[in-house]
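*Asks:* I'll drop the sequence and a predicted model, then ask my questions.
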Amino acid sequence: MRIKNNDLTHWFIRDHNQLPASYLKSCQKFFKELSDKQQAASNKPRALIQKNLHKPGTRVKNRFNRKV
């Protein structure tokens, strides 16, 4: 069976016993990398977002959060 590169269709529609071992290995590697990237994105610190917010009680001159 010929499966095009980067095609995940067969992973979802065919029984895994019918698929080539190299295809199964490459799909598992892709899904692992995808989950690793997703976990890394969710673990990023939100310091950039919190840094841009002004603190209560601090006067802010304009929308660029310049202190007076």
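*Replies:* Okay, I see it. Residues are numbered from 1 along each chain as shown.

*Asks:* and the helices in this protein?
*Replies:* Counting by DSSP state H, the chain has helices at residues 9-13, 21-42, 47-52.

*Asks:* next, format these as CSV and append mean pLDDT, mean neighbour count and distance to R2.
*Replies:* For the C-beta atoms, the positions are set from N, CA and C on the backbone; glycine is no exception. CSV is the format used below for these (pLDDT from 0 to 100; neighbours: other C-beta atoms under 10 Å; distance: least, C-beta to C-beta, whole Å):
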stretch, mean pLDDT, mean neighbour count, distance to R2
helix 9-13, 92, 12, 10
helix 21-42, 89, 11, 10
helix 47-52, 52, 8, 46
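
*Asks:* Serialize those to CSV and add fields for distance to M1.
*Replies:* Listed next are the helices of the chain as CSV, based on distance: least, C-beta to C-beta, whole Å:
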stretch, distance to M1
helix 9-13, 8
helix 21-42, 9
helix 47-52, 47
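
*Asks:* not counting sequence-adjacent ones, nearest residue to L8?
*Replies:* C27 (6.5 Å; C-beta to C-beta, 6 or more residues apart in numbering).

*Asks:* and that neighbour, how far from S42?
*Replies:* Going from C27 to S42 by C-beta to C-beta, to the nearest Å gives 23 Å.

*Asks:* same check, this time on T9
*Replies:* Distance from T9 to S42, counting by C-beta to C-beta: 28 Å.
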